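Novice: Predicted model follows, preceded by the sequence.
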Amino acid sequence: MTGSEVPLAFRLAYVPGVTPAKWVRIWNERLPGTPLALAGVPAADAEDLLREGGADAGFLRLPVDRTFLSAIPLYTETTVVVVPKDHEVTAVEELAVEELAEEILLHPLDDTLDWERPPGRPAFERPATTEDAIELVAAGIGLLVVPQSLARLYHRKDLTYRPLTGAPESRIALSWPEEKTTDLVEEFIGIVRGRTVNSTRGPRPAPQQTKAGQSGKAGTKGGTPRKGGAPRGGAGTAKNARGAKGGAAKRGKPRRRP
């Protein structure tokens, strides 16, 4: 296979916590001749990857730079607090952010939540990553507030989590460079938005003739003139019939010869 014969791949980036499997499956069913290449990328690096052309589109966490990127918000994640399984907060189904005021809260450098000021008491130092922070929670150093998808991604048997109200939330969006909205990008947007395989953004082909469209043919039986002859029935036939009767009445009896 020469280089010109290699099928063009669609490059899709995604940040930790996003699971693009269902969209990838639909893509492979609809465009089996166009490979889809996945690239996991840290949330902090996702915008730069799209800006530099390293991916055609990506699942990112909002906000993004709208002067360069287009974005379609998809869903908002539940915010949770990750705790050891024997922690006292496991006695409740959910808790408010104010209830963490006396807890040591870990605030990783790659935190995805837009805090004005993180709750609780700060740890001695900030862990480099969310994954590192999870390890510190397991060691009993403090608690961690994250989107639920990250709590699931870094799940440990000795940890659990509870929904947290009053905290910032993370929103996931499909994003791509606005000036590079290619046909493949449009195809993927349609998949993410749930358009069916028969949907199209372009001109549709002329519809086939349906039963309703054949009504004109059926109408030839109800008064439409037939080729080479007068119509059956209708007002014209009745008028001719009346004229024929009138003509017979005027003729009367034949005259006798003188």
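Specialist: Cool, got the structure.

Novice: Please count neighbours and contacts with C-alpha atoms only from this point.
Specialist: Noted.

Novice: What distance do you get for the residue most central in space within the chain to residue 91?
Specialist: Taking C-alpha atoms, centre = their mean as the criterion, residue 193 is the residue nearest the geometric centre of the chain, at 2.1 Å. Distance of residue 193 to residue 91, given as C-alpha to C-alpha, to the nearest Å: 39 Å.

Novice: residues in contact with the residue nearest to the centre of the chain?
Specialist: Going by C-alpha atoms under 8 Å, 6 or more residues apart in numbering, residue 193 touches no other residue.

Novice: oh, and call the first residue 340 from now on, that's how I've got it
Specialist: From this message on, residue numbering opens at 340, which makes the last subject residue 532.

Novice: Against residue 395, how distant is it?
Specialist: Taken as C-alpha to C-alpha, the span from residue 532 to residue 395 is 17 Å.

Novice: For the nearest residue to residue 359 once chain neighbours are set aside, give me its contacts.
Specialist: Take residue 359 and drop its neighbours on the chain: the residue closest to it by C-alpha to C-alpha, 6 or more residues apart in numbering is residue 353, 7.7 Å away. Counting by C-alpha under 8 Å, 6+ apart, residue 353 makes contact with 359, 377, 378, 379, 380, 385, 397, 398, 399.

Novice: Any chance of the residues you listed in CSV with distance to residue 526 and secondary structure as columns?
Specialist: Listed next are those as CSV, based on distance: C-alpha to C-alpha, whole Å; DSSP: H, G, I helix; E, B strand; the rest coil:
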residue, distance to residue 526, secondary structure
359, 15, coil
377, 16, strand
378, 19, strand
379, 21, strand
380, 22, coil
385, 21, helix
397, 14, strand
398, 15, strand
399, 18, strand
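
Novice: Save the residues you listed as JSON lines, and put in pLDDT, distance to residue 421 and neighbour count too.
Specialist: Below are the contacts of residue 353 laid out as JSON lines (pLDDT from 0 to 100; distance: C-alpha to C-alpha, whole Å; neighbours: other C-alpha atoms under 10 Å):
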{"residue": "359", "pLDDT": "96", "distance to residue 421": "24", "neighbour count": "15"}
{"residue": "377", "pLDDT": "97", "distance to residue 421": "29", "neighbour count": "15"}
{"residue": "378", "pLDDT": "96", "distance to residue 421": "27", "neighbour count": "14"}
{"residue": "379", "pLDDT": "96", "distance to residue 421": "23", "neighbour count": "15"}
{"residue": "380", "pLDDT": "96", "distance to residue 421": "23", "neighbour count": "17"}
{"residue": "385", "pLDDT": "96", "distance to residue 421": "25", "neighbour count": "23"}
{"residue": "397", "pLDDT": "98", "distance to residue 421": "27", "neighbour count": "26"}
{"residue": "398", "pLDDT": "98", "distance to residue 421": "24", "neighbour count": "27"}
{"residue": "399", "pLDDT": "97", "distance to residue 421": "22", "neighbour count": "27"}
